[in-house]
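Asker: Structure here, sequence nowhere to be found:
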């Protein structure tokens, strides 16, 4: 019996080592790909913006989770820590736009679709988020689900204040009940994650609803709900 326990303990230790190695390899692979995407995007920027952009931006959002699990990201979101840089970039890309509207402007930029709204500047698969600006602890720390609370900056992936690596490794939705904003948006996005194979417990969904009960609906959220196409599938 003692020999059996020793053998079992040995193989469990091997399994833990293998899991740690696999995680480290995945993180290195994701970091390499995010650095590659950074370099690609910087080729789209005027030279005078590149150094400032590299020093005052970071990648976050669903692309990190997707890459970690071997999926192709839909897009790559760059967040800024400088309002001044955000204004300079918005001014520059507005000058490149082929049309200017009250809510949306755009056209093409270096052969890629360009879309400018009050929330973001989109160039092909890249987005510069202008809705939220600040350090990762403040911006990423307020994301609604913890599997998205990771960011890439200065060559490495780091963890925001309320998350840890287990949320990146797993497929369970865990709600950021203390700091999350945009509760209605959270509810509307949840089926999207479930459609991608993630799960959510009743307890986690209850946290979302309790948070909604606590803060109530904003005027913007009521407008958002009233504008939803009744024929559109909930998970789309």
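Answerer: Sure, I can see it. All of these numbers come straight from a predicted model, not from anything done at the bench. Numbers count the residues shown, from 1 in each chain.

Asker: rest of the way, CA atoms for contacts and neighbours
Answerer: OK.

Asker: Please name the residues that touch residue 53.
Answerer: Residue 53 is in contact with 80, 85, counting by Cα atoms under 8 Å, 6 or more residues apart in numbering.

Asker: helix or strand for it, which one?
Answerer: If you go by DSSP states H and E, residue 53 is part of helix 47-55.

Asker: just residue 197 next, same as before
Answerer: Counting by DSSP H and E, residue 197 is part of no helix or strand.

Asker: repeat for residue 225
Answerer: Assigned by DSSP H and E, residue 225 belongs to helix 219-226.

Asker: residues of stretch 89-109 that come out buried?
Answerer: For stretch 89-109, a neighbour-count test (16 or more other Cα atoms under 10 Å) marks 89, 90, 93, 94, 96, 97, 105, 106, 107, 109 as buried.

Asker: The second one is in contact with residue 121, isn't it?
Answerer: Yes. At 7.2 Å, residue 90 counts as touching residue 121 under the criterion of Cα atoms under 8 Å.

Asker: pLDDT score assigned to the residue nearest in space to the middle of the chain?
Answerer: By Cα atoms, centre = their mean, the chain has its centre lying nearest to residue 61, at 0.8 Å. Listed pLDDT for residue 61 reads 92.

Asker: Which phi and psi values does residue 57 adopt?
Answerer: Per-residue torsions, residue 57: phi -140, psi 160 (degrees, to the nearest 10).

Asker: What of residue 28?
Answerer: Dihedral angles for residue 28 - degrees, to the nearest 10 - are phi -60, psi -40.

Asker: neighbours around it, how many?
Answerer: Neighbour count for residue 28, taken as other Cα atoms under 10 Å: 16.

Asker: now swap in residue 31 and tell me
Answerer: Using other Cα under 10 Å, residue 31 has 21 neighbouring residues.

Asker: Report the separation between it and residue 59.
Answerer: Between residue 31 and residue 59 the computed distance is 10 Å (Cα to Cα, to the nearest Å).

Asker: Now the common contact residues for the two.
Answerer: Residues touching both residue 31 and residue 59 by Cα under 8 Å, 6+ apart: residue 152.

Asker: quick one: low-confidence parts of the protein?
Answerer: By pLDDT under 70, the low-scoring segments of the chain are 1-17, 230-236.

Asker: Which residue ranges make up the domains of it?
Answerer: 2-169, 171-236 (automatic domain parsing).

Asker: With respect to burial, which of these scores highest?
Answerer: With neighbours defined as mean count of other Cα atoms under 10 Å, the domains of the chain peak in mean count at domain 2-169, which reaches a mean of 16.
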